[in-house]
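1. Below is the sequence, then the predicted model.
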Amino acid sequence: MLRAALGAVPHTGTIRVGSLDPADRRATREIRLRSGVLKQGSDLVAGLSGRMNAVMGTAGRWTTRDWLQVAVSGCPSRYQSRLQELVLAHGVDDCLDARVSQLSGGQRQRLALVRALLSNPGLILADEPTSGLDTASAARAVAELRDAQTTLVVATHDLAVADAFPRVVALRKGRIVHDGPRLDAAAQSLVYG
């Protein structure tokens, strides 16, 4: 579903991101520019530095000046303070200059979260955002996502993560079986049956 919202896969039915239809190619770019994406297991580029991976999520918005700043310092100046704030909050400040291939799975996932949040997107699509994270890091990630002041769609199988959010929509075989504040025992039975 998250990939369909970005116009990345064909789908049946109707999906709207705001007033935009991701099936319309012209709308797809706008949706992607407005969105932060956090994929399960991250999708960072192993041969690039943590810093470059973090800032590449903003590249669709870069001006010529931003590209020059990336060539010189590795980050557009307009994102520098936000980048520092996020990497410190998620404990990956020491990962910025390391190649992603040298990082642990948890470090990669936290760096991917930084990338998704860096541009203060209007929409965050997160697929299993706490996979690979220890309990404390997972709690920080969920808190950061909840506090992001943005529309957030999280796909998860982790009931503790789902319970952290005010609305849970549960699907089974493509159909909504629950739409409410929490998955109670009856809803869990329908979902995991």
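-> Perfect, I can see it now.
2. low-confidence ranges in this protein?
-> 1-13, 41-42, 193 (pLDDT under 70).
3. try it again with 90
-> 1-43, 46, 57-61, 89-91, 104-106, 109-110, 113, 116, 119-166, 168-193 (pLDDT under 90).
4. Need the residue closest to the centroid of it.
-> The centroid of the chain falls nearest to L38 when counting by CA atoms, centre = their mean (2.5 Å).
5. wait, that residue sits on P129?
-> Yes: counting by CB atoms under 8 Å, L38 touches P129, with 5.1 Å between them. All C-beta spots, glycine's among them, are computed from the backbone N, C-alpha and C.
6. So for those two, which residues contact both of them?
-> L113 (CB atoms under 8 Å, 6 or more residues apart in numbering).
7. How many residues are close by L48?
-> 15 (other CB atoms under 10 Å).
8. Spit out the contact partners of it.
-> 56, 99-100.
9. Of those, which is the most crowded?
-> Most surrounded of the contacts of L48: other CB under 10 Å gives V100, at 21 neighbours.
10. Tell me the spacing between it and V45.
-> Going from V100 to V45 by CB to CB, to the nearest Å gives 6 Å.
11. And R29, by the same measure?
-> 21 Å.
12. can you check D66 too?
-> Distance from D66 to V45, by CB to CB: 19 Å.
13. Out of the two, name the residue with the larger neighbour count.
-> D66 (18 against 12).
14. hey, where'd the helices end up in this protein?
-> 2-5, 25-34, 50-56, 64-73, 77-89, 105-117, 135-146, 159-163, 185-192 (DSSP state H).
15. out of the ones you listed, nearest to V153?
-> Taking CB to CB, helix 2-5 is the member of the helices of the chain nearest to V153, at 6.6 Å.
16. what's the neighbour count on H178?
-> Neighbours of H178 (other CB under 10 Å): 19.
17. show me the contacts for it.
-> Contacts of H178 (CB under 8 Å, 6+ apart): 168-170, 187, 190-191.
18. Buried among those? Make that a PyMOL selection.
-> A single PyMOL command is used to select the members of the contacts of H178 judged buried by 16 or more other CB atoms under 10 Å:
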select buried, resi 168+170+187+191
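19. what separates the residue nearest to L33 when sequence neighbours are not counted from V100, distance-wise?
-> Sequence neighbours aside, G60 is the residue nearest to L33 in space, at 5.0 Å (criterion: CB to CB, 6 or more residues apart in numbering). Counting by CB to CB, the gap from G60 to V100 is 20 Å.
20. Next one: the closest residue to A116 other than its chain neighbours from G180, what distance?
-> In space, and not counting its chain neighbours, A116 is closest to G36: 3.7 Å by CB to CB, 6+ apart. As judged by CB to CB, G36 and G180 stand 26 Å apart.
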